[in-house]
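Student: let's see this in three dimensions:
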Amino acid sequence: MPGKHVDSARDGVARPCQRCRTSDASIVVRAEHLCRDCFVKYVNTKAIKRMESYAYYVKNRSKDEERTLLLPVSFGVSSVTLLYLLDEHLKRQAAKTGRWTS
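Tutor: Now for the predicted structure:
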């Protein structure tokens, strides 16, 4: 995902994040200036939304059947990041629902 770091020292003006409007922007993604926290949320949301398109494969499973997600993992930066994003998403789901999601 290409992004361009914002160099506020160059022009002397720090631009605010266009999403939260509280922090200074540190990266530009698709012409949107984002702070670090909003960029992390953007990446998390983008990865989860992309995987939601595959949700129809599991709609007809029984409630007792354990969900399995197969991912190709090379243990490079990208695949380890994907595993981290999935782990964080599952933790957030478990915290919201009060139960462990399998």
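
Student: after the least confident helix or strand in the chain by mean pLDDT, next one along is what?
Tutor: Lowest by mean pLDDT, DSSP states H and E among the helices and strands of the chain is helix 8-11, with a mean of 56. Note on helix 8-11: by DSSP states H and E, the next helix or strand toward the C-terminus is strand 27-29.

Student: partners of that next one, with directions?
Tutor: strand 4-5 (antiparallel), strand 32-34 (antiparallel) (DSSP bridges).

Student: in terms of mean pLDDT, which of the ones you listed ranks lowest?
Tutor: Among those, strand 4-5 has the lowest mean pLDDT, at a mean of 68.

Student: next, the buried residues of stretch 89-102.
Tutor: By 16 or more other CB atoms under 10 Å, the buried positions in stretch 89-102 come out as residue 89. In this view, the C-beta of every residue, glycine as well, is placed from N, C-alpha and C.

Student: do you know the pLDDT at the spatially most central residue of the chain?
Tutor: For the chain, residue 44 is the residue whose C-alpha lies nearest the centre (CA atoms, centre = their mean; 0.7 Å). pLDDT recorded at residue 44 is 87.

Student: and the residue lying closest to it once chain neighbours are set aside, how far is that from residue 50?
Tutor: Excluding the flanking residues, the one nearest residue 44 by CB to CB, 6 or more residues apart in numbering is residue 85, at 5.8 Å. The gap separating residue 85 from residue 50 is 10 Å, by CB to CB, to the nearest Å.

Student: low-confidence ranges, the protein, go.
Tutor: 1-12, 54-67, 99-102 (pLDDT under 70).

Student: same thing but 90
Tutor: Residues of the chain meeting the criterion pLDDT under 90: 1-14, 30-31, 40, 43-73, 75, 78-79, 81-102.

Student: for it, which segments count as helices?
Tutor: Using DSSP state H, the helices of the chain run over residues 8-11, 36-52, 77-97.

Student: CSV for the ones you listed, including distance to residue 23?
Tutor: Listed next are the helices of the chain as CSV, based on distance: least, CB to CB, whole Å:
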stretch, distance to residue 23
helix 8-11, 12
helix 36-52, 7
helix 77-97, 21
